[in-house]
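Undergrad: need a 3D model of the sequence below.
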Amino acid sequence: MTPGRVSVVIASRGRASALRLCLTALAQNRHPAYEVIVVTDAEGEATLAPWGDRIRVRRCDEANISLARNIGIEAAAGEVVAFLDDDALPEPGWLAALTSPFADETVAAAGGFVRGPGHLGWQWRARAAFADGSCRDLVMERDETMVLRGRLGRGIKTEGTNMALRRSVLAAMGGFDPAYRFYLDETDLNLRLAALGARTAVVPGAQVHHGYLESPRRRHDRVPRDLSEIGASLAVFLRRHGARLDGNARIEAERAAQRRRLLHHMQWGRIAPSDVGPLMAGFDAGVSEGRLRELKRLSPLDEPPPPFAPLHDDMPDMPSVWLSARPFTARAQMAEAAMLAARGHVVTLLVLWPDARRHRLRFDPRGVWVQSGGLFGPSLPGDPAFRYWRFAERAAFEEARQRALRDPAAGGAV
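TA: Numbers count the residues shown, from 1 in each chain. Prediction:
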């Protein structure tokens with residue numbers, strides 16, 4: 001059972017092409033009633049013109065993801081508000097899985113799992129968040145939804161690119177704290193939920209693929225352009241939550257970690273030795289600024305939302321389709337896949353090369369999920385580097401593995 005109405009909030013700034021792809025994937029979600037609110041800048045507004053009034057658009061010209069999300073919350077009419085980044089691609093079963101725990105009225109929040117860009121490995125799974133701003137993995141014996149309760153100083157981590165909260169709880173808390181402009185914003189929310197004794201669901205079946213894209217703060221290869229907001233947000237976080245901790249020691253530990261990160265990039269030739277000093281100076285300047293940043297008391301978000309505006313009049317119900325191809329037939333199969341996607345099917349095209357290369361996944365702008373790799377190669381972390389398969393056998397295996405994500409009504413393995 002899923003809540004009757006769900007609002008999906010996407011904050012987007014300066015990444016119009018990624019936003020278009022994100023919305024194309026989101027439109028394939030199999031959920032009975034969801035609306036989409038995009039909070040964006042002028043470039044994003046222009047990108048959304050083809051969607052007309054199907055998507056609710058709000059403007060935010062300030063580079064502050066917490067502020068943008070709060071604008072989205074106030075525009076959300078759903079009982080549950082889900083959050084997605086503009087460089088994330090949600091699986092078709094994402095929203096139904098993420099919101100299903102809210103059938104239990106004691107659940108206040110839910111978080112799913114995040115895969116890395118292009119590959120099928122994990123970026124983030126179940127984690128706990130602590131009062132020093134750090135996170136640690138949680139051990140899950142089975143890939144089944146768990147409902148956990150945090151405690152003061154220890155929250156259940158939800159990732160900003162794959163999380164949902166009951167709107168009434170979120171609004172009463174004042175939403176996200178604008179003192180965090182892009183870092184530790186959801187971690188702060190997790191700690192505040194824990195202090196309330198709220199229950200959070202960890203939902204392995206709610207999965208998104210999260211990309212690495214250029215931004216003012218980092219390059220596509222994760223090399224930072226600026227560390228000032230990381231330093232500032234950590235200083236703010238420790239002021240909010242770390243009264244009993246040695247804040248200076250925690251900041252020094254983070255400084256050392258950031259320096260190791262830069263040296264790693266330098267060793268791989270991504271930055272020059274002369275880049276390290278200025279980037280670390282930015283971190284230090286951010287810490288100094290964060291120690292003085294105004295911390296306001298959060299007020300409830302009580303702006304009445306507009307009427308609920310679902311993205312679809314009826315939930316998409318065309319059956320999911322799996323196609324498989326060898327490299328020399330891939331172009332023809334891709335043309336067929338694009339036609340099926342245009343008719344409303346969720347289509348996955350598997351391209352198998354006659355070797356053992358690792359599998360990769362992408363979402364084509366025409367609405368097709370494309371997985372490609374070697375017939376004998378690994379697809380998931382932990383798979384053997386080589387395993388003998390017949391073509392039809394491998395295609396059937398990959399379809400069965402993905403069915404729960406691409407065709408939620410049919411069930412199957414994740």
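
Undergrad: contacts and neighbour counts: CA atoms only from here.
TA: OK.

Undergrad: elements contacting the lengthiest strand in the chain?
TA: Using DSSP state E to define each element, the chain has its longest strand at strand 199-210. Here strand 199-210 touches strand 88-90, helix 94-99, strand 107-115, strand 146-149, helix 391-406, going by 3 or more C-alpha pairs under 8 Å, 6 or more residues apart in numbering; DSSP states H and E.

Undergrad: okay, the ones you listed in TSV with distance to Phe237, mean neighbour count and mean pLDDT next?
TA: Conversion of the helices and strands packed on strand 199-210 to TSV gives the following (distance: least, C-alpha to C-alpha, whole Å; neighbours: other C-alpha atoms under 10 Å; pLDDT from 0 to 100):
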stretch	distance to Phe237	mean neighbour count	mean pLDDT
strand 88-90	26	27	96
helix 94-99	27	27	96
strand 107-115	21	26	97
strand 146-149	21	16	96
helix 391-406	36	17	95
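
Undergrad: what is the neighbour count of Ala179?
TA: Number of residues near Ala179 (other C-alpha atoms under 10 Å) recorded here: 21.

Undergrad: tell me the contacts of it?
TA: Each residue near Ala179 by C-alpha atoms under 8 Å, 6 or more residues apart in numbering is listed here: Ser66, Ser233, Val236, Arg293, Glu294, Leu295.

Undergrad: quick one: contacts for the residue most central in space within the chain?
TA: Closest to where the C-alpha atoms of the chain average out (C-alpha atoms, centre = their mean) is Thr161, at 2.2 Å. Neighbouring residues of Thr161 by C-alpha under 8 Å, 6+ apart: Phe83, Leu84, Asp85, Ala88, Val208, His210.

Undergrad: so Gly118, which state does it fall into?
TA: Following DSSP: H, G, I helix; E, B strand; the rest coil, we place Gly118 in the coil state.

Undergrad: export the helices and strands packed on strand 199-210 to JSON lines and tack on distance to Gly121?
TA: Below are these laid out as JSON lines (distance: least, C-alpha to C-alpha, whole Å):
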{"stretch": "strand 88-90", "distance to Gly121": "14"}
{"stretch": "helix 94-99", "distance to Gly121": "17"}
{"stretch": "strand 107-115", "distance to Gly121": "6"}
{"stretch": "strand 146-149", "distance to Gly121": "21"}
{"stretch": "helix 391-406", "distance to Gly121": "14"}
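
Undergrad: in the stretch 1-150 of the chain, where is pLDDT below threshold?
TA: Applying pLDDT under 70 to the stretch 1-150 of the chain picks out residues 1-3.

Undergrad: can you pull out the helices in it?
TA: Shown for the stretch 1-150 of the chain, the helices assigned by DSSP state H, counting those that start in this stretch span residues 16-26, 42-47, 65-74, 94-99.

Undergrad: right, and those helices - which one's nearest Pro306?
TA: Comparing these against Pro306 with C-alpha to C-alpha, the closest turns out to be helix 65-74 (8.9 Å).

Undergrad: hmm, who's touching the closest one?
TA: By C-alpha under 8 Å, 6+ apart, the residues outside helix 65-74 that reach it are 9-11, 37-40, 58, 60, 81, 167, 171, 175-182, 185, 301-305.

Undergrad: ok, of the residues you listed, which come out buried?
TA: The neighbour-count test (16 or more other C-alpha atoms under 10 Å) marks 9-11, 37-40, 58, 60, 81, 167, 171, 175-182, 185, 301 as buried among the contacts of helix 65-74.

Undergrad: narrow those to those in strands?
TA: Among the buried ones among the contacts of helix 65-74, the residues falling in strands (DSSP E) are Val9, Ile10, Ala11, Ile37, Val38, Val39, Thr40, Arg58, Val81.

Undergrad: out of the residues you listed, who's nearest Trp389?
TA: Top of the list for closeness to Trp389, among those and by C-alpha to C-alpha, is Ile10 at 40.8 Å.

Undergrad: so how far is Ala194 from the closest one?
TA: As defined by C-alpha to C-alpha, to the nearest Å, Ile10 lies at a distance of 24 Å from Ala194.

Undergrad: CA atoms only for the next helix or strand along the chain from the longest strand of the chain, dumped as PDB, please.
TA: Of the helices and strands lying after strand 199-210 in sequence (DSSP states H and E), the nearest is helix 228-241. The C-alpha trace of helix 228-241 is given here as PDB (Å, rounded to 0.1, in the frame of the first residue of the first chain):
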ATOM      1  CA  SER A 228      34.800  26.400   1.500                       C
ATOM      2  CA  GLU A 229      31.200  25.300   2.000                       C
ATOM      3  CA  ILE A 230      32.400  21.900   3.300                       C
ATOM      4  CA  GLY A 231      34.300  23.700   6.000                       C
ATOM      5  CA  ALA A 232      31.500  26.100   6.700                       C
ATOM      6  CA  SER A 233      28.800  23.500   6.900                       C
ATOM      7  CA  LEU A 234      30.900  21.300   9.200                       C
ATOM      8  CA  ALA A 235      31.500  24.300  11.500                       C
ATOM      9  CA  VAL A 236      27.700  25.000  11.500                       C
ATOM     10  CA  PHE A 237      26.900  21.300  12.200                       C
ATOM     11  CA  LEU A 238      29.200  21.200  15.200                       C
ATOM     12  CA  ARG A 239      27.600  24.300  16.600                       C
ATOM     13  CA  ARG A 240      24.200  22.700  16.100                       C
ATOM     14  CA  HIS A 241      24.900  19.200  17.300                       C
END
